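Student: model this:
(one chain, ligands or ions: 2)
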Amino acid sequence: MDFDNANFKTAAQFHGHVCPGLSIGYRVAELAANHFKDRSKDEELVAIVENKSCAVDAIQAINGCTCGKGNLIFKDYGKHVYTYFKRGDKKALRISLKPDVLPQDEKHTSLFAKLRAGTASPEETKEFQASHEAKSQKVLEMPEEELFLIKEVEIEPPEKAIIYPTIICSKCGEGFMEPLGRVRKGKIICLPCFEAKNE
Ligand SMILES: [Zn+2]
Ligand SMILES: [Zn+2]
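Tutor: Ligands and ions are numbered 1, 2, ... in the order given. Have a look, this model is predicted:
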């Protein structure tokens, strides 16, 4: 497998660049797509992702699990764990990245810091890019069982998204979803207005 694979290209285009995180997401997405291929075709695939890294963009691009459609559920756990299921089905596939897949690489990290700070020389920039690409490639080529712990699990399917009425904030005048409102001095306001310090 390489960067020219059609699905990988789609993911890279959506994400904007090739990186190790995208490669991880690509491998997860392909694995899930293959696993659920023959099961209840018309039921929608839902992904629960436990991080908001580059990997999630590959999942959105390839599996069609997106925030807007409500079939991408985000949990802010900072873990490379991805659980897929079909709506209405308790059987889920839990894919978790083995922690030693991308070991801490101090050289890479310090080059990245320099690049971010804008102090990397052209040679250092090149070196970083080469190492970045090599890591991305490595993830694409690793055998599945070395990359992931894969388990079939049972889950309680989350409820479908409920549509709430829109309330107008009495401070900023913008509309917001009813259950997210707050009350200050007897007036209903939106969360950002409630949290704003200057009253
Ligand atoms: Zn990325
Ligand atoms: Zn407001």
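
Student: make it CA atoms for all contacts and neighbour counts henceforth
Tutor: Noted.

Student: how far away is the most centrally placed residue in the chain from E30?
Tutor: The centroid of the chain falls nearest to V56 when counting by C-alpha atoms, centre = their mean (2.2 Å). Separation of V56 from E30 (C-alpha to C-alpha, to the nearest Å): 13 Å.

Student: just G64 next, same as before
Tutor: 12 Å.

Student: P99 now?
Tutor: From P99 to E30 the distance is 20 Å (C-alpha to C-alpha).

Student: which one's more surrounded, those two?
Tutor: Neighbours per residue, other C-alpha atoms under 10 Å: of P99 and E30, the larger number sits with E30, 16 against 11.

Student: which residues touch the more buried one?
Tutor: If you count contacts by C-alpha atoms under 8 Å, 6 or more residues apart in numbering, E30 has them with I62.

Student: can you tell me the element it falls in?
Tutor: Here E30, judged by DSSP states H and E, is contained in helix 20-36.

Student: now that helix: how far from the chain's centre is it?
Tutor: In terms of C-alpha atoms, centre = their mean, to the nearest Å, the centre of helix 20-36 is set 11 Å apart from its chain centre.

Student: now it: buried residues?
Tutor: Going by neighbour count (16 or more other C-alpha atoms under 10 Å), the buried part of helix 20-36 is 20-33, 36.

Student: with stretch 101-118 instead?
Tutor: Across stretch 101-118, burial judged by 16+ other C-alpha under 10 Å covers 111-112, 114-115.

Student: now A47: phi and psi?
Tutor: phi -120, psi 130 (degrees, to the nearest 10).

Student: please tell me how far it sits from I95.
Tutor: 11 Å.

Student: common neighbours of these two, please.
Tutor: Residues touching both A47 and I95 (C-alpha under 8 Å, 6+ apart) are 82-83.

Student: could you check how many residues crowd around the residue of the chain found nearest ligand 1?
Tutor: Per C-alpha to the ion, C54 is where the chain lies closest to ligand 1, at 4.4 Å. C54: 21 surrounding residues under other C-alpha under 10 Å.

Student: please begin residue numbering at 874 from this point
Tutor: Yep, numbering from 874; the last one is C927 now.

Student: ok, I1028 - contacts?
Tutor: Shown in contact with I1028 (C-alpha under 8 Å, 6+ apart): 963-965.

Student: that should have said D949, apologies.
Tutor: Taking C-alpha under 8 Å, 6+ apart as the criterion, D949 is in contact with 923-925.

Student: appreciated, that's everything.
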